[in-house]
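**Q** Here is a sequence together with a model predicted from it:
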Amino acid sequence: MYTYNANDRQLLSERVTQFRGQMQRYLEGELGEEQFRPLRLQNGLYIQRKAPMLRIAVPYGLLSSQQLRKLASLTRDYDKGYAHVSTRQNFQLNWPELERVPDLLGELAEVDMHCIQTSGNCIRNTTTDQFAGVSPDEVVDPRPYCELIRQWSTLHPEFAFLPRKFKIAVCGSQSDRAAIYSHDIGLALQHDRQGNLGVQVLVGGGLGRTPVIGSEIESWLDIKHLLSYLEAVLRVYNQLGRRDNKYKARIKILVRAMGVDKFREAVHREWSKLKDGDNTLTEKRIEDVRAHFRAMPYEQLDATAEAALLAQHDDPIFKNWLKRNTRGHKVAGYRAVTVALKHRDLAPGDITADQLDHLAELADRFSFSEARTTHHQNMVLADVRERDLHDLWTALQKANLATANAGYLTDMICCPGGDFCSLANAKSIPVSDAIRDRFDDLDYLYDLGPIELNISGCMNACGHHHIGHIGILGVDKKGKEFFQVSLGGRQAESPKIGKILGPSFGASEIPEVIAKILERYVELRQEDELFIDTIHRVGIEPFKERVYG
Amino acid sequence: MGKVWKDGDIIENPWTAADANNEGVPSRGVGTLDQWRADPTLTAVEIKSDEDVSDLTQSLDQLRLVVLKIEDFNDGRSFSQARHLREAGFTGELRAAGNFLQDQVQYLQRCGVDAFELSADIKISAMEAALSEFSVSYQMPLDERSAEISLAR
C-alpha cells in the first residue's frame, strides 16, 4: 500500500494543527455555527442526533494492521468500542466528543490516517474494487491511480467549496465492483488496441433523490491526461453547477441540464488550456506511485498440492464458508477472503474494537498485514494461502466474523438510519435486523442465489437502495415511518435503477413482503436463473400482484 | 476606504469601491463588469462570483486590478475565477473582497490571489498565520514563488 513520506506526514500534521485551531475558535465563540460548518464537514465531523459523528478516511479501502489496531484503540478511548464501515469504504465513529476530536485526529495522524474531505462540498475519498490487485478478472490495478487522485484532490485549493459533494470511483476489472456508474465521476481503466493504458470517463452518475446512471464523456483517454482532465471537469462543475438549491446541485443535474454533448464541449474548452500542462502524468510519476503497490511477496505454490491440502478439511460448515466467502486469486494457491460484518449481534457494517484487533492479528498472520473495507460494508483479507484458510476460518468464527453469507440476501447494505443520522426519515437498522431474523436459514438463502438487498433510511440513499436488486427506502408520512420497496436495481454490467413496487409498507410488514417476492421468484425462475435476471425477464408486475394481491 | 493586505503589507485601499450606480467610474475607481464592458479602458474591475471572467481575458494587459467579490464564503466560484485569470496571464493585483474566512486565504492565495480586503471579521495576525498554515501541498504550484512547497513530483 502507499507509504507516507516526510512531506505527506508534514501535511497531515499541519492539518491537525489547523483543525485544532478551528475547533478552538468555534468553542470560544469566534467562529459561528455557519462558518464552522463547512470547516468541520471537510474534516468529516457531523453534528448528529445523539452525538457528533466522525468519518475517518480509508483511502480506496486499504488499511494496514497497524492502522486497524489504532482504530480499535480509538474506538475504546473516544467512542463506545465499535466502528461502522460505510458504503464508501470509510469508518464512522458514532459517539466521539466534539472537544476531543482534535486529539483523536492527532492520534490518527500517528498512523498516517485522517478525516480529510470525508464530508462537505468537496472531492471525497476515491473508492475502488475491494479485490484490487488480486482479482483474476483485473485488467489494471486501480490503486496507483486512486492514489494519484487522492493526492491531487487532497486540499486542492480550487475545489474545496464546490456546489455539492463530489465522489470519484475507479474500476480496473472486467466486472465493476466499484459502482462507477453511480458516481459523480466513474473511471474504468482499460487498454486501447495498441496496448496503451487509458481510462473511460463517466460523468453525472449518482443516487440520492434523483438517481442517474452516469454518462460516458470519454470512451478512452490517455492515462497521462487523467488529472488535467479531472481538473477540467471539476472546474466546469465548480463554475456552472447550481448553487441555489442543494437538491439540484450535484453534477448529474448540470450534465442533464446541459446535455452530455454540451457538457463535454465545456470540459474540452477548459481542458484545452490545461492539457499537457503541469498536471500531466509522466511515466516516472506513475511508476513512482505504482512502486507502492507491487505484488506481495507471494510464495510459488503448486495449485494442485494446495487444493489437496484444502480438501483435507471436510467440515461442512467450513466448506460452506469457503464456497461463499472466499474467491479466486490471480496467484495460484491463494484466495481472497470476505470477512463478514453481518453478524446477528451487530448492525450491518459494525465492527467492535476487539474484532478490529483480532482482524489486525489475522492480517499479520495470514495476509501480509493488510486488510480492506468494502462497498458492501464488509472487510477483506486479500492474500491468504489456501492452506491457511481453515486456521483463518477457525479464528474468524471465534470472533463472530465468519457469517457465510457474502453475496446473499442477508449480506445487506444498510445506512445508520434514524438511530444515528439526523437526516434520516426512518430507522433502517431494525428493518435489516427483522429481515436477517426472518431469513436465518442459510440453505434457503443459498438456494435463492446471489441477491443484493440495500436499505436507506432516507432519499439521500447512503444505503444505495436504488441499485439493490431489492431496494428499501425509509420515507416519512405525516410523522410516521414507512418503507418503499423497489426491484431490479443493479450496480454492475448494464447498471439500472430499481423500479418502485407500489405503495409503501410499515416496518413490521417488510419481512413478509420480502418473503412473498422471494416465493414468486422461486416459482418464476428458469433453472439456475438469478433473481435479478428473472426480474428483468418478467418485469415487476408478477411481484406486484403477489405482494399487493 | 478600507485596508488591504498585499504581499505582506497593510495598505490603505488606493481604489474606490465599485458602484453599479455610478454614471461614470472615477479615476482610481473600480468598475463593475458591466461598466468595464461599456468602457474597456478602465484599469480596475470587480467580478462577482456568478460573473464570467472570460471576457476580461481578452484585454488583461490593460487591467491593473481585479477584485473578486465573495458574497458567501460557501460559494467557491471565486477560486476558479482566480485561477482562470492567472492562467490566462493576468499579472496585476488579484484581490479577494467580501465575505471570506481566514481559513480560505491560503487556498485563495494558491489560486493566484495576492491581496485581501480586510474586514472587521478577520484578525490580521490570524490571517497572516493562516497564509502559512500549510508548508506543503500536493498540487502543482501556480508560479515559481510557491514552487518549493509542492509535493507533486
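**A** Now that the structure is in, tell me what you want to look at.
**Q** OK, contacts around the residue nearest the centre of chain B?
**A** With the centre of chain B defined as its mean C-alpha position, the nearest residue by C-alpha atoms, centre = their mean is residue B:95, 2.4 Å away. By C-beta atoms under 8 Å, 6 or more residues apart in numbering or on different chains, the residues touching residue B:95 are B:4, B:6, B:65-68, B:113-117. Every residue, glycine included, has its C-beta placed from N, CA and C.
**Q** okay, stretch B:48-58 in PDB with CA atoms only?
**A** The C-alpha trace of stretch B:48-58 is given here as PDB (Å, rounded to 0.1, in the frame of the first residue of the first chain):
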ATOM      1  CA  LYS B  48     -18.900  38.800  -8.600                       C
ATOM      2  CA  SER B  49     -18.900  35.100  -8.100                       C
ATOM      3  CA  ASP B  50     -21.600  34.500 -10.700                       C
ATOM      4  CA  GLU B  51     -20.000  36.500 -13.400                       C
ATOM      5  CA  ASP B  52     -17.900  35.100 -16.200                       C
ATOM      6  CA  VAL B  53     -14.300  36.200 -16.300                       C
ATOM      7  CA  SER B  54     -13.600  35.000 -19.800                       C
ATOM      8  CA  ASP B  55     -14.500  38.500 -21.300                       C
ATOM      9  CA  LEU B  56     -11.700  40.000 -19.300                       C
ATOM     10  CA  THR B  57      -9.100  37.700 -20.600                       C
ATOM     11  CA  GLN B  58      -9.300  39.500 -24.000                       C
END
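**Q** So residue A:405, which state does it fall into?
**A** coil (DSSP: H, G, I helix; E, B strand; the rest coil).
**Q** For it, which phi and psi angles does the backbone take?
**A** For residue A:405, the backbone dihedrals are phi -130, psi 20 (criterion: degrees, to the nearest 10).
**Q** any chance you could map the strands in chain B?
**A** Applying DSSP state E to chain B gives strands spanning B:3-6, B:9-12, B:31-32, B:44-48, B:65-70, B:93-98, B:115-117.
**Q** Near chain A, which residues of chain B are found?
**A** B:73-77, B:79-81, B:83-84, B:87, B:101, B:103-104, B:106-108, B:110-111, B:133-140, B:151-153 (C-beta under 8 Å from any C-beta of the partner chain).
**Q** Narrow the residues you listed to those in helices?
**A** Using DSSP state H, the members of the residues of chain B next to chain A that fall within helices are B:77, B:79-81, B:83-84, B:87, B:106-108, B:110.
**Q** of all the residues you listed, which comes closest to residue A:86?
**A** Using C-beta to C-beta, the shortest approach to residue A:86 within these belongs to residue B:107, at 26.7 Å.
**Q** Can you get me a residue count around the closest residue to chain B within chain A?
**A** For chain A, the residue closest to chain B is residue A:161, as judged by C-beta to the nearest C-beta, at 2.8 Å. Residues lying near residue A:161 (other C-beta atoms under 10 Å in any protein chain shown) number 26.
**Q** For it, which residues are in contact?
**A** A:38, A:121-122, B:73-76, B:79, B:104.
**Q** How about residue A:367?
**A** A:337, A:381-384.
**Q** Export those to a markdown table and append columns for distance to residue A:51, pLDDT and neighbour count.
**A** Output for the contacts of residue A:367, formatted as a markdown table (distance: C-beta to C-beta, whole Å; pLDDT from 0 to 100; neighbours: other C-beta atoms under 10 Å in any protein chain shown):
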| residue | distance to residue A:51 | pLDDT | neighbour count |
| --- | --- | --- | --- |
| A:337 | 33 | 98 | 30 |
| A:381 | 31 | 98 | 24 |
| A:382 | 33 | 98 | 25 |
| A:383 | 37 | 98 | 23 |
| A:384 | 37 | 97 | 25 |
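**Q** Tell me which of these fall in helices.
**A** With helices defined by DSSP H, no entry of the contacts of residue A:367 lies inside them.
**Q** Greatest separation within the residues you listed: which pair is it?
**A** A:337 and A:383 (9.1 Å).
**Q** Point me to the residue of chain B nearest chain A.
**A** Of all residues in chain B, residue B:76 sits closest to chain A, at 2.8 Å by C-beta to the nearest C-beta.
**Q** what about that residue, distance to residue B:95?
**A** 17 Å (C-beta to C-beta, to the nearest Å).
**Q** out of everything not next to it in sequence, what's closest to residue A:542?
**A** In this structure, residue A:542 finds its nearest non-sequential neighbour in residue A:520, 5.8 Å apart by C-beta to C-beta, 6 or more residues apart in numbering or on different chains.
**Q** Within its local environment, how many residues does that neighbour see?
**A** Residue A:520 has 19 neighbours, counted by other C-beta under 10 Å.
**Q** for it, helix, strand, or coil?
**A** With three-state DSSP as the criterion, residue A:520 reads helix.
**Q** quick one: pLDDT of it?
**A** On pLDDT, residue A:520 comes in at 96.
**Q** can you pull the contacts of it?
**A** Applying C-beta under 8 Å, 6+ apart, the residues near residue A:520 are A:542-543, A:546.
**Q** rewinding a little: in contact with the residue of chain B closest to chain A, which residues are there?
**A** Counting by C-beta under 8 Å, 6+ apart, residue B:76 has contacts A:121, A:158-163, A:238.
**Q** ok so, going back, scan the contacts of residue A:520 and report the most crowded one.
**A** Neighbour tally across the contacts of residue A:520 (other C-beta under 10 Å): the maximum, 27 neighbours, falls on residue A:543.
**Q** and the helix or strand where residue A:239 lies with helix B:77-87, angle?
**A** Take DSSP states H and E as the rule and residue A:239 turns out to sit in helix A:226-240. With axes from the mean of the first three to the mean of the last three C-alpha atoms, to 10 degrees applied, the angle from helix A:226-240 to helix B:77-87 works out at 120 degrees.
**Q** Give me the distance from helix A:226-240 to the chain's centre.
**A** 23 Å (C-alpha atoms, centre = their mean, to the nearest Å).
**Q** ok, and for that helix, which residues are buried?
**A** Under the neighbour-count criterion of 16 or more other C-beta atoms under 10 Å in any protein chain shown, helix A:226-240 has A:226-240 buried.
**Q** same deal with stretch A:42-54?
**A** Buried residues in stretch A:42-54 (16+ other C-beta under 10 Å): A:42-46, A:48, A:51-54.
**Q** That stretch spans what distance, first to last residue?
**A** Using C-alpha to C-alpha, to the nearest Å, the end-to-end distance of stretch A:42-54 comes out at 11 Å.
**Q** Quickly check: it near chain B or not.
**A** No - for stretch A:42-54, no contact with chain B is found by C-beta under 8 Å from any C-beta; the gap never falls below 9.3 Å.
**Q** circling back: return the distance of the residue of chain A closest to chain B relative to residue B:87.
**A** Distance of residue A:161 to residue B:87, computed by C-beta to C-beta: 19 Å.
**Q** try residue A:81
**A** When distance is defined by C-beta to C-beta, residue A:81 is 51 Å away from residue B:87.
**Q** coming back round to it: switch the strands of chain B over to a markdown table; also include mean pLDDT.
**A** Below are those laid out as a markdown table (pLDDT from 0 to 100):
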| stretch | mean pLDDT |
| --- | --- |
| strand B:3-6 | 93 |
| strand B:9-12 | 92 |
| strand B:31-32 | 94 |
| strand B:44-48 | 96 |
| strand B:65-70 | 97 |
| strand B:93-98 | 96 |
| strand B:115-117 | 95 |
